[in-house]
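> After the sequence you'll find the predicted model.
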Amino acid sequence: MEQKISIKIAGRTYNLSAATPEQEQLYRLGADAVNKRLAALTQKMPGKTAMDLMSMVAMNEAVVRIRLQKDAEKCQQEINSLESDLVSYLKQ
């Protein structure tokens, strides 16, 4: 059953629906991460608009996600190689 939750990002409240307690926790952790990154950028780049700062937060998160995807692909390639080596070894 979906639960209605409210999260606050950059001082604005957003109402969301969380299908599971785990999803609710992820929403809250995500909002906290965005707010922390936003606060750090606000100190680092005074005078920038909220839109500029949020754009930089979004860019940072996208770069992190892409890096993790590439790392996961590399790990999958290593797993495939190890499985192939194992199968070859067991056939001997």
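Cool, the structure landed.

> All the strands of the protein, in order from the start?
Secondary structure of the chain by DSSP state E: the strands cover 3-9, 12-18.

> quick one: contacts of the first one?
Spelled out, it's strand 3-9. Strand 3-9 has contacts (C-beta atoms under 8 Å, 6 or more residues apart in numbering) with 13-18, 21, 24, 27-28, 31, 34-35, 38. Just so you know, the C-beta spots here come from the backbone N, C-alpha and C atoms, and that holds for glycine as well.

> on that earlier part again, quick check: which of the strands of the chain is nearest to residue 54?
strand 3-9 (8.7 Å; C-beta to C-beta).

> related to what we said a few turns ago, now, of the strands of the chain, which is deepest in the fold?
strand 3-9 (a mean of 13; mean count of other C-beta atoms under 10 Å).

> Please save the CA atoms from it in CSV.
The C-alpha trace of strand 3-9 is given here as CSV (Å, rounded to 0.1, in the frame of the first residue of the first chain):
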residue,chain,number,x,y,z
GLN,A,3,2.1,5.9,1.8
LYS,A,4,2.0,9.6,1.3
ILE,A,5,5.1,11.4,2.4
SER,A,6,6.5,14.9,2.3
ILE,A,7,10.1,15.7,1.6
LYS,A,8,11.8,19.1,1.6
ILE,A,9,14.4,20.1,-1.0
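
> What strands line up against it, and which way round?
Neighbouring strands of strand 3-9 in its sheet, by DSSP bridges, are strand 12-18 (antiparallel).

> Of all the strands of the chain, which one is nearest residue 63?
strand 3-9 (19.2 Å).

> could you give the mean pLDDT of that closest one?
Here strand 3-9 scores 96 as its mean pLDDT.

> Quick check, residue 19 in contact with residue 27.
No. Counting by C-beta atoms under 8 Å, residue 19 does not reach residue 27; the two are 10.6 Å apart.

> These two: which is more packed in?
residue 27 (17 against 10; other C-beta atoms under 10 Å).

> Please list all residues in contact with the more buried one.
Applying C-beta under 8 Å, 6+ apart to residue 27 gives the contacts 5, 7, 16, 18.

> Relative to residue 30, how far out is the third one?
By that I understand residue 16. 10 Å (C-beta to C-beta, to the nearest Å).
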